[in-house]
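> can you look at this prediction? I've put the sequence above it.
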Amino acid sequence: MQTNSVREAIPAEVSALAVGCEDLDPFALDARMGAVVRARQRIDWQTGRLLRVFLDRRLYRLMGFSSAGRYLIERLGSSARKARALVALERKTWQAPALGDAYRAGDLSWVRAFTLVPIVTQATAAAWISRAQEVTVRRLGDEVEWALCGRDGVTPVAPPPAGATLDGWQTCARTESELADSEIIFTAPASVVALFRTAIVAFTSRTEWYWLGCEELLRHVRAEWTAQPRHRDPIFERDGWRCAVPACTSRRNLHDHHILFRSSGGENVRHNRVAVCAAHHLHGIHAGRDRAWGTAPGGITWELGVRPGRPALLRLEGDRYAT
C-alpha cells in the first residue's frame, strides 16, 4: 500500500524521465533533472506544513524520540536543517500570503523563498518575489542582507533599484535604542568555546552585557584586518574577495582574469579584469565551457554551459538572468 501511495504521489511525466537516461548528453540530463526538481517543489510546501504540525505538537516524543532532530534523521532520513527551514518558511507564509502563493505554485524554490524570510512582508512581497525570479540566489542573499542592515526595524523595506550597487550597505548602522531581532548560536568544541568566551570577557566591562563585549571584539578584529597592508592588486577588493561568476560563492584560490584575453589584445586595465576562482577560470572559461564579455565590474555578460551550435545553458547580465 505504501508503494502505491508513493507511485501516486509522483506525477507520471516525472516517473518516465528516468527511462533511457543513460544515453543522454549532460544538457539533456540537466533538462530532465530540472523537471524532477520542479515536481519536487510542488510538495516542499506540503512537507513544511506537515512538519510544522508534527514538530509544534512535539509528536516525536510520543514515538520515543528524544528530539525533533533525532526523529528527522532516524525516522525520515531527512536533513534537520532543511526541515527546520521548511517549517520556518511555512510560518512566514502566514504573515505574507503572497509569498506562500508563489512558493506553493512553484514560482519560487524553497531556497529562494527561505532567503526572503527575514525581510519580506505582505506589503513588499510582490517586489521581493519579482526580484527573486530575476537574479541569482547569491545576488538575492546580498540584497536581503543590504535591506536588513539598512532598515529601522519597523518600516517594510523593498528591494534596491535594479542594477544598483550594494557598496553602501556596510556603512548603515542601527539606532542605539533598537532591540536585537536575532540570535546567534555558537557551537564548537569546549576548548574553542572557552577561548571565545574569554576573549569576549576581555572586551566587556563589569557593568556591560556580554553582547556589548562581543560587538567590541568584532570591532577590534575589523580594525586589525583593515589596518593590514592592502593587496597590491585592487581587483580582488573591488569584487568583494569573491568569484564574480554568477551563482559562485567561492572566496578561495581567486585568479585575476582578463575578460578580453591578453592574447586577443586585451589591455591590463581594471574594466577588463575580474576576480574568478581557479575552477571557473581554468576549467570553465579557458576550457570553453563558460564565456564572458563586457566591462567589469557590473557590465559583464556571462554564458554558462556553452555548447557548440546551441544556446548556452544560462545567460546572465551580471547577477541577473538575461531574457
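Cool, got the structure.
> now for whichever strand or helix holds Ser130, which elements pack on it?
Applying DSSP states H and E as the criterion places Ser130 in helix 125-134. Counting contacts by 3 or more CB pairs under 8 Å, 6 or more residues apart in numbering; DSSP states H and E, helix 125-134 is packed against helix 97-104, helix 110-116, helix 137-150. C-beta here means a position set from N, CA and C on the backbone, and glycine is covered the same way.
> point out the most buried one among those helices.
Highest mean neighbour count of the helices and strands packed on helix 125-134: helix 110-116, a mean of 22 (counted as mean count of other CB atoms under 10 Å).
> neighbouring contacts of that one?
Contact with helix 110-116 is made by 41, 44-45, 48, 82, 85-86, 88-89, 99, 102-103, 108, 128-129, 132-133, 137, 140-141, 144, as judged by CB atoms under 8 Å, 6 or more residues apart in numbering.
> show me the protein divided up by domain.
Listed by automatic domain parsing, the domain ranges of the chain are 1-95, 96-166, 190-227, 237-321.
> would JSON lines of the ones you listed with mean pLDDT and distance to Ile184 be doable?
Converted to JSON lines, these look like this (pLDDT from 0 to 100; distance: least, CB to CB, whole Å):
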{"stretch": "domain 1-95", "mean pLDDT": "77", "distance to Ile184": "16"}
{"stretch": "domain 96-166", "mean pLDDT": "86", "distance to Ile184": "14"}
{"stretch": "domain 190-227", "mean pLDDT": "86", "distance to Ile184": "9"}
{"stretch": "domain 237-321", "mean pLDDT": "91", "distance to Ile184": "20"}
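> and Glu317, what does it touch?
Here Glu317 is in contact with Ile300, Thr301, Trp302 (CB under 8 Å, 6+ apart).
> did I read that right, the last one in a helix?
Translated: Trp302. No - assessed with DSSP: H, G, I helix; E, B strand; the rest coil, Trp302 is strand; it does not lie in a helix.
> I figured it hits Val245, correct?
Yes - Trp302 is in contact with Val245 according to CB atoms under 8 Å; the separation is 6.6 Å.
> which residues are in contact with both of the two?
With CB under 8 Å, 6+ apart as the test, Trp302 and Val245 both reach Asp290.
> now do the helices in this structure.
Assigned by DSSP state H, the helices in the chain fall at 2-9, 12-15, 26-56, 68-74, 80-95, 97-104, 110-116, 125-134, 137-150, 190-202, 210-227, 235-238, 278.
> how many other residues sit next to Tyr60?
Per other CB atoms under 10 Å, the neighbour tally for Tyr60 reads 19.
> mind listing what's buried in the helix holding Ser130?
Residues of helix 125-134 classed as buried by neighbour count (16 or more other CB atoms under 10 Å): Ala125, Trp128, Ile129, Arg131, Ala132.
> tell me which of the helices of the chain is the most buried.
Using mean count of other CB under 10 Å, helix 110-116 ranks as the most buried of the helices of the chain, with a mean of 22.
> just the CA atoms of stretch 92-107, as CSV, please.
Output of stretch 92-107 as CSV, limited to C-alpha atoms (Å, rounded to 0.1, in the frame of the first residue of the first chain):
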residue,chain,number,x,y,z
LYS,A,92,6.3,33.0,7.3
THR,A,93,3.6,32.4,4.8
TRP,A,94,1.0,33.3,7.4
GLN,A,95,2.4,36.8,7.6
ALA,A,96,3.0,37.2,3.8
PRO,A,97,0.4,35.1,2.0
ALA,A,98,1.7,36.3,-1.4
LEU,A,99,5.0,34.6,-0.6
GLY,A,100,3.1,31.4,0.2
ASP,A,101,1.2,31.6,-3.1
ALA,A,102,4.4,31.9,-5.2
TYR,A,103,6.1,29.2,-3.1
ARG,A,104,3.2,26.7,-3.5
ALA,A,105,2.8,27.4,-7.2
GLY,A,106,6.5,26.5,-7.7
ASP,A,107,7.4,30.1,-8.9
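> so what touches that stretch?
Against stretch 92-107 from outside (CB under 8 Å, 6+ apart): 38, 41-42, 44-45, 89, 108, 110, 113, 116-117, 120-122, 125-126, 128-129, 133.
> again, only this time at 10 Å
By CB atoms under 10 Å, 6 or more residues apart in numbering, the surrounding residues in contact with stretch 92-107 are 37-46, 48-49, 89-90, 108-110, 112-114, 116-118, 120-126, 128-130, 132-133.
> nothing else from me, thank you.
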